[in-house]
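[1] Provided below for reference: sequence and predicted model.
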Amino acid sequence: MARDRLPPADDPDDFYHADLIGLPVFDPGGAPLGTVRAIYDHGAGDILEVAGPKGQLLLPFTRQVVPTVDLSAGRIVADPPGTDE
């Protein structure tokens, strides 16, 4: 089905996977983490696969780990677990 034929999301926190794949992902400080390559759902919630300069990241698609999805700016901000210093 063509993207323009899909209904709009009912909730601002709902996204079509196709809208997220290919978006650049940055950490909260603005450093690039990579690009969304795929999204997986194994029943416990979506997982973003991000391919970047430090390799592959698998990020739970939760508000805590992915606080910002800005489709109009074409970017995602993620705070991967275990990166606090």
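    Received the coordinates, thanks.

[2] Tell me where the longest strand sits in the chain.
    In the chain, with assignment by DSSP state E, the single longest strand is strand 32-41.

[3] Could you point out the helix or strand that follows it?
    Downstream of strand 32-41, the first helix or strand assigned by DSSP states H and E is strand 46-52.

[4] and that next one, how far out from the chain's middle?
    7 Å (Cα atoms, centre = their mean, to the nearest Å).

[5] For the helix or strand of the chain with the lowest mean pLDDT, buried residues please.
    Least confident element among the helices and strands of the chain, by mean pLDDT, DSSP states H and E: helix 17-20 (a mean of 90). For helix 17-20, the neighbour count (16 or more other Cβ atoms under 10 Å) marks residue 20 as buried. Just so you know, the C-beta spots here come from the backbone N, C-alpha and C atoms, and that holds for glycine as well.

[6] Which helix or strand lies directly C-terminal to that helix?
    By DSSP H and E, the next helix or strand past helix 17-20 is strand 24-26.

[7] Contacts made by that following strand with the rest, please.
    For strand 24-26, the external contacting residues (Cβ atoms under 8 Å, 6 or more residues apart in numbering) are 32-36, 48, 50, 52, 59, 74-78.

[8] Can you check the pLDDT for residue 46?
    As predicted, residue 46 sits at a pLDDT of 94.

[9] OK, contacts around it?
    17, 39-40, 60-61.

[10] again, only using 10 Å
    Applying Cβ atoms under 10 Å, 6 or more residues apart in numbering to residue 46 gives the contacts 15, 17, 20, 39-40, 59-62, 66.

[11] Closest one of the residues you listed to residue 5?
    Among the contacts of residue 46, residue 17 lies closest to residue 5 (Cβ to Cβ), at 16.1 Å.

[12] I'd say residue 8 and residue 71 touch.
    No: using Cβ atoms under 10 Å, residue 8 makes no contact with residue 71, being 11.9 Å away.
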